[in-house]
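*Asks:* Provided below for reference: sequence and predicted model.
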Amino acid sequence: MQHLEISRCKAIERLPDLSNQISRLPKLDNFKKLKILSARNCEYLTKIPSSICHLTSLSHLIFDESKIRELPQSIGSLGMLRRLTLGSTPVKELPTSIGELKSLVELSLSKTKVAILPDSLANLSNLEVLRIDRSLVRCLPAALGQLTNLRHIDATKCLMLGEISSELGGLCSLKVLLLRHTNITRMPETITGLPCLERLDLAWCTKLQTLPQLPSNLSSMSVTCQSESSLAMSNLPSLINLRKLEIVGSTVTKEVSELPKLEKLYISRSNASILVEGSGAFTMLKELFIGNIDLECLPRLPSGLHTLSIFRCHSLTRLSGLSNLQNLSKLLLFSCPKLMEIEGLGDLPMLGTLHISSCEIITELRGLEMLEPLKVLHIESCGNLEVLPYLSRLSGLKWMKIYDVPTKTLSGLSCLNLLRELHLEGCSKLRGLEGLDELQSLGSLNISYCREIERLPNLSRLNSLQWLEIYECEKLKGLDGLEKLESFKFLRIQECKSIQKLPNLSKLKLLQYLSVDGCVKLEGLLGLEGLKRLDILVISRCKAIERLPDLSYLESLTELHAEDCEKLQSLEGLDRLCKLVELHIKGCKSLQKLPDLSNLTLLRYFDANGCEKLQQVQGVSATKMVQLPLQNGWDQWLEADDIEKLQELEDILAMTGVDISYNRKASREILEGSNLGILRQWYADGCDNIPQLERLEELEMYHLRVNPHSNVVEIYEPYTGLRRLSLSLMQ
């Protein structure tokens, strides 16, 4: 074995003593060759055994998002280890032996509680990448200055970081230094001597007052300073290799416009004069970001721009001069509440992406109809944009989203032959979608909160459609032509309260996901039995449905949610769904009986809360039910709240967790006589009549909340495994 992967094994509490097993168990001899050990996201893993030192072939040790608290001193014996990652763990300190990891190339302490980096790090002669972002590290110590192979330091959002040793000037290989959102007050003068430094990020370092001379090889720099003289960088013109510059909250000098290789400029919370005074320069500028600047209109911009992004410029009233930007491919406008007009929009022959959001008083997009190369169109939260231009000439459009825009029509849809995704959300006045039926390249369609739409065009010609979501279209009465979409895979319909009937679904042979929720007038699902590839079926709050077709034909079904269907009386064929993993039938008040579940050997979760008439559940013992993540780590679980008429479970031998909260009438009948020998957790909130419980040797958690006058449970014998006992009274 060379690779052991146990990521996301959330129930694992400890790793075995691997070396001892190797010495005692010949079958595990191959662990000596183990190279990669990954325990990412193992939420209960708290300790690494010291014997891990015997796995001398390890090259990758990954414990991100586990609960490892410390590293053993013996970790220094892993001489072949190249990558050690402890991101998002509660580790507070590193052992001094970490300096013995001579082969280590990458060390990640992101989001840990480490505050001090040990001096022994100076011995990591091969270290290239150090990640301490979002940790509690207070300083970058002098020891790091000896790491001549270190190329990348990420200390982003180290809010405790206030000091950087001048010894970092010895990092002759350092290319990337990220210090964004730290509390450093000064940069050491020795930074000038970093011959390979290409990227320096000091954005939102609000305590930084001055900058030293910077190395001329910088290609990317971000900086935030609060004082007027904060950017007094005498060598700014000498940064001849600078390609990206981000300036936040600082005075920008005219020298910026003269940087010969500058391609990307981000200006936020700064002065706008540079855009006016330097408008004739910026000869290489390709990307311009302007945010939070008091600017009523834009000056003439560099003609070579490819991307123009304008964010939260609250004084901007008019966007003009766009006709000069013949190479512009992306235009993004966000939260410009006074913007009334975009001049020259139709004169952008290369524009491929247009995103306009929260420009609340703009009333028209003149020229939009001329943008033939446009591929992505996103218009959102423009409350006065009642009319969109005719779209027929946007022949290259592939993705379109119109959200919270009061337009009444979308004209010219039929000509969008390349459109693959269409999202129409919150268009409260939209009444129809003429031409939708012509979109033969359309693969995904989302229509949400369009409350005036009563009918859609016939969908039968949408041969490429695979994904359809419809939410809260309250007047929509049907989905004509749906039955002919043979490539269809995903259908979700929610809160469409006027739909009484759907087309026969039997020909949707590729359908994998079907969800119908809150369609209160829907009476049934004709053809459901033909969906042999269906993986997930959700029928929720459909109050008119009394019966479903025979479910036994749904041979691929792994999840069944038939919830809050108050008139549903039976689930015929449920017992033959051999691949079923989850069964949710809560709130089905008319359901009296379920088939024998003993054939459902893969069933892991069963929720029948609120099934008031359910009297019998057979076959539970044959299943191996385990909990879902919402059950706090308990590995076998049954929910049975409010099943007041349930008289018996065949037995609950396989259960290690039972919740019968508020099941006042049935608690004694369910539990008395059952084999509770392996029960680990029991909830009995609100039960008026508590039975006497015995044989709970493995119980780890018992929670009881009762009325003051109820019979309190009596514990007859000590529960040797009990870790938590919670008893409370309902006031």
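*Replies:* Structure's in. What do you need? Numbering: from 1, shown residues only.
*Asks:* how about the strands in the stretch 351-500 of the chain?
*Replies:* When assigned using DSSP state E, counting those that start in this stretch, the strands of the stretch 351-500 of the chain occupy the ranges 353-357, 376-380, 399-403, 421-425, 444-448, 467-471, 490-494.
*Asks:* the fourth one to strand 376-380, inter-axis angle?
*Replies:* In terms of direction (axes from the mean of the first three to the mean of the last three Cα atoms, to 10 degrees), strand 421-425 departs from strand 376-380 by 10 degrees.
*Asks:* so which residues of the stretch 1-150 of the chain form strands?
*Replies:* Using DSSP E, counting those that start in this stretch, the strands of the stretch 1-150 of the chain run over residues 3-5, 36-38, 60-62, 83-85, 106-108, 129-131, 139-140.
*Asks:* residue ranges with poor pLDDT in the stretch 1-150 of the chain?
*Replies:* 1-32 (pLDDT under 70).
*Asks:* try the chain
*Replies:* 1-32, 225-235, 250-252, 272-280, 620-731.
*Asks:* show me it divided up by domain.
*Replies:* Listed by automatic domain parsing, the domain ranges of the chain are 1-114, 592-731.
*Asks:* residues contacting the closest residue to G249 other than its chain neighbours?
*Replies:* Using Cβ to Cβ, 6 or more residues apart in numbering and skipping the chain neighbours, the partner closest in space to G249 is R269 (4.3 Å). (C-beta placed from N, C-alpha, C; glycine too.) By Cβ atoms under 8 Å, 6 or more residues apart in numbering, R269 lies in contact with V248, G249, G291, N292, I293.
*Asks:* could you do V538 as well?
*Replies:* For V538, the contacting residues are L514, S515, V516, D517, E559, H561, E563, by Cβ under 8 Å, 6+ apart.
*Asks:* not counting its neighbours along the chain, what's nearest the last one?
*Replies:* In this case it means E563. Excluding its sequence neighbours, the residue lying closest to E563 (Cβ to Cβ, 6+ apart) is S540, at 4.5 Å.
*Asks:* related to what we said a few turns ago, can you put the strands of the stretch 1-150 of the chain in TSV and add mean neighbour count?
*Replies:* Conversion of the strands of the stretch 1-150 of the chain to TSV gives the following (neighbours: other Cβ atoms under 10 Å):
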stretch	mean neighbour count
strand 3-5	13
strand 36-38	19
strand 60-62	20
strand 83-85	20
strand 106-108	20
strand 129-131	20
strand 139-140	21
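*Asks:* nearest to M400, out of these?
*Replies:* Among the strands of the stretch 1-150 of the chain, strand 129-131 comes nearest to M400, with 39.1 Å by Cβ to Cβ.
*Asks:* partner strands of that closest one, with direction?
*Replies:* strand 106-108 (parallel), strand 152-154 (parallel) (DSSP bridges).
*Asks:* L371 contacts L348, doesn't it?
*Replies:* Yes - using Cβ atoms under 8 Å, L371 makes contact with L348 at a distance of 6.7 Å.
*Asks:* how near is the nearest residue to E386 once chain neighbours are set aside to H355?
*Replies:* Residue nearest to E386 in three dimensions, not counting chain neighbours: P406, with 5.2 Å by Cβ to Cβ, 6+ apart. Distance of P406 to H355, given as Cβ to Cβ, to the nearest Å: 19 Å.
*Asks:* check E582 too.
*Replies:* In terms of Cβ to Cβ, E582 sits 38 Å off from H355.
*Asks:* show me where the stretch 501-650 of the chain has strands.
*Replies:* 513-517, 536-540, 559-563, 582-584, 605-607, 616-617, 638-639, 648-649.
*Asks:* columns distance to E43 on top of the ones you listed, output as CSV?
*Replies:* Putting those into CSV (distance: least, Cβ to Cβ, whole Å) gives the following:
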stretch, distance to E43
strand 513-517, 28
strand 536-540, 25
strand 559-563, 23
strand 582-584, 21
strand 605-607, 19
strand 616-617, 31
strand 638-639, 22
strand 648-649, 30
